[in-house]
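Engineer: this one's structure only:
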Ligand SMILES: Cc1cc2nc3c(=O)[nH]c(=O)nc-3n(C[C@H](O)[C@H](O)[C@H](O)COP(=O)(O)OP(=O)(O)OC[C@H]3O[C@@H](n4cnc5c(N)ncnc54)[C@H](O)[C@@H]3O)c2cc1C
Ligand SMILES: Nc1ncnc2c1ncn2[C@@H]1O[C@H](COP(=O)(O)O)[C@@H](O)[C@H]1O
């Protein structure tokens, strides 16, 4: 069977969940070969193998951390040249998409971004996408070159499928462009102890109705009772009540959890664009005409300052 | 020596309208009114601020799109850009992002540039990859997704709020920058700006002017193919109850029924 390159998103060898989802999807198209850049390949190899990586191509160099995007493109291009893969799969983060785009250009290939599912087709992989704020579902394929496809988090449930996962050194030589944009400083985002927004099974979001940063404690308490991540609308972020890294929507994160709880959010098209593919949607809003109710599976019309704490208590009581 | 700034602006269907596909599975650009992508207003704004701080700078806005895309250029000119370039050609219909990046790169080279500024993503296609592709094609530094940008001594610096970390980036010109909607409110065109825009030059270019063959772009040159597009069944609104003191309990019961608790 042909091999498929899977770009590993990790923090010093700690592999993020979307990569495991990618390995699962990759197996529908070929044998996954993981590409691990930066430190920690030895650590990562175990979990990559467990999820189906037949090989792990590893390269470590300071360039990957010290310069923006391009060193990773050089490495993936080297991997593609070494493997001649049937496709290259990359997690759909902002950086992942940029890497994918430049790689596709170098390979003379077509690019598909933000796939939500993948299947094998007669002429290469077929990618499903959700477009126009999730109003349409499309199926696309790459017609030229090695398909380069980025896939959104939560597109598949990671499955175990043990394979060899042998670590092999990948030789990379960096081009002139690799060192053009220097990362002079990096401050890692502080961990909140809550699940990552894009990976979480449950997301609880607050909007303008939350009315103040101190009141976000109510949203956080509900999130914690459910083991959820916290999101916010742009109105809440612009007001300075919650960090931008938690914004859900067109210019924030796209989330696709099992459960999305929107409290004090009206449901503007740009907000919907980031959450409409959630499996179950619940809304709390005091305006019974808020558009969010059009897509909610369950809605409560009322004051979030009464309902959210009551719900939190009830969840805690039921969980014992 | 004057600083040449090129801003890429896209004319997009209004997001609050009913966006659809045409029969050939390209975006239907007839059915909905269009406008300058709101996210590209941030790019125009940063270009104008950088130009105002520079001794001598010229801001050119470039668009690739149908005749109506002229509206997007006029808006950018009325905000304060100096001149505009409109690439328009019947053969461009159905061009994918790879083709668009080729056309834009050629138009930018034709115009001449030190700094290219883009929006973070189109509000219609929303791939957010065009700036990276431009950097690759132009061989210029990629300094993208900035929530803060400045230019001094021929070097671009900026803040990029990434998924896992916030980074400070630095690169020498020439560079391709993209800015987010966190980079600073875009100005409204003044009445004077709107009047002045009517007299500003708009250069029209077609594929031949840029030395691009028809087969390299359009549906013919596209490297991807949409094989089907289905409208998602509109999410059917579920049950909506009014809180009369039991709202929290009712919600908990719903979540329990769906096995979330
Ligand atoms: C280019 C562009 C990009 C954008 N990107 C995004 C994005 O990524 N994400 C995003 O969210 N938005 C985005 N927006 C903004 C979007 O259009 C809306 O303005 C925003 O989503 C509104 O946030 P909201 O629902 O919290 O506020 P509002 O629309 O003001 O709604 C607040 C809601 O809270 C309810 N409420 C008030 N008090 C209470 C209470 N005590 N109890 C219960 N309910 C209460 C109100 O009835 C109302 O429905 C973007 C806009 C543009 C133009
Ligand atoms: N047809 C176009 N004409 C001019 N600029 C464009 C065009 N398409 C995209 N851009 C620029 O590229 C950015 C990102 O676009 P995209 O990759 O399509 O999301 C936009 O914000 C614009 O600055």
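Structural biologist: Happy to help now that I have it. What you see is a predicted model, and the numbers here were worked out from it, not measured in a lab. Ligands and ions are numbered 1, 2, ... in the order given.
Engineer: is chain A contacted by stretch B:34-51?
Structural biologist: Yes. On the criterion C-beta under 8 Å from any C-beta of the partner chain, stretch B:34-51 is in touch with chain A at residue B:39. From N, CA and C alone the C-beta is placed, and that goes for glycine too.
Engineer: can you give me the mean pLDDT across that stretch?
Structural biologist: Average pLDDT, stretch B:34-51: 96.
Engineer: same check on stretch A:151-167?
Structural biologist: 95.
Engineer: excluding chain neighbours, what is closest to the closest residue to ligand 1 within the stretch 151-261 of chain B?
Structural biologist: Nearest residue of the stretch 151-261 of chain B to ligand 1 (C-beta to the nearest ligand atom) works out as residue B:181 at 5.9 Å. Excluding the flanking residues, the one nearest residue B:181 by C-beta to C-beta, 6 or more residues apart in numbering or on different chains is residue A:251, at 4.8 Å.
Engineer: hang on, the earlier thing: what's the pLDDT at the residue of the stretch 151-261 of chain B closest to ligand 1?
Structural biologist: 94.
Engineer: hang on, it packs against residue B:41?
Structural biologist: No. Applying C-beta atoms under 8 Å, one finds residue B:181 not in contact with residue B:41, separated by 9.0 Å.
Engineer: which stretches of the stretch 51-200 of chain B form strands?
Structural biologist: B:57-64, B:83-87, B:115-119, B:141-152, B:155-161, B:165-172, B:175-179 (DSSP state E, counting those that start in this stretch).
Engineer: packing partners for the first one?
Structural biologist: What it means is strand B:57-64. On a contact count with 3 or more C-beta pairs under 8 Å, 6 or more residues apart in numbering or on different chains; DSSP states H and E, strand B:57-64 meets strand B:3-8, helix B:38-53, helix B:70-79, strand B:83-87, helix B:97-111.
Engineer: what's the answer for the last one, then?
Structural biologist: Secondary structure elements in contact with strand B:175-179, counted by 3+ C-beta pairs under 8 Å, 6+ apart, are helix B:38-53, strand B:115-119, helix B:130-138, strand B:141-152, strand B:155-161.
Engineer: most tightly surrounded among the ones you listed?
Structural biologist: strand B:115-119 (a mean of 29; mean count of other C-beta atoms under 10 Å in any protein chain shown).
Engineer: got the angle for that one vs helix B:130-138?
Structural biologist: Counting by axes from the mean of the first three to the mean of the last three C-alpha atoms, to 10 degrees, strand B:115-119 lies at 150 degrees to helix B:130-138.
Engineer: touching ligand 2 at all, strand B:115-119?
Structural biologist: Yes. Strand B:115-119 is in contact with ligand 2 by C-beta under 6 Å from any ligand atom, via B:118-119.
Engineer: could you tell me which residues of the stretch 1-150 of chain A lie near chain B?
Structural biologist: Close to chain B, as judged by C-beta under 8 Å from any C-beta, the stretch 1-150 of chain A has residues A:11, A:68-70, A:73, A:93-95, A:97-98, A:100-102, A:104-106, A:109-114, A:126, A:130-145.
Engineer: and these, which are buried?
Structural biologist: Buried members of the residues of the stretch 1-150 of chain A next to chain B, scored by 16 or more other C-beta atoms under 10 Å in any protein chain shown, are A:68-70, A:73, A:93-95, A:97-98, A:100-102, A:104-106, A:109-114, A:126, A:130-142, A:144-145.
Engineer: how about the residues of the stretch 151-300 of chain A near ligand 1?
Structural biologist: With C-beta under 6 Å from any ligand atom as the criterion, the stretch 151-300 of chain A meets ligand 1 at residues A:207-209, A:233-236, A:247-252, A:264-266, A:268, A:270-271, A:274, A:284-287, A:290.
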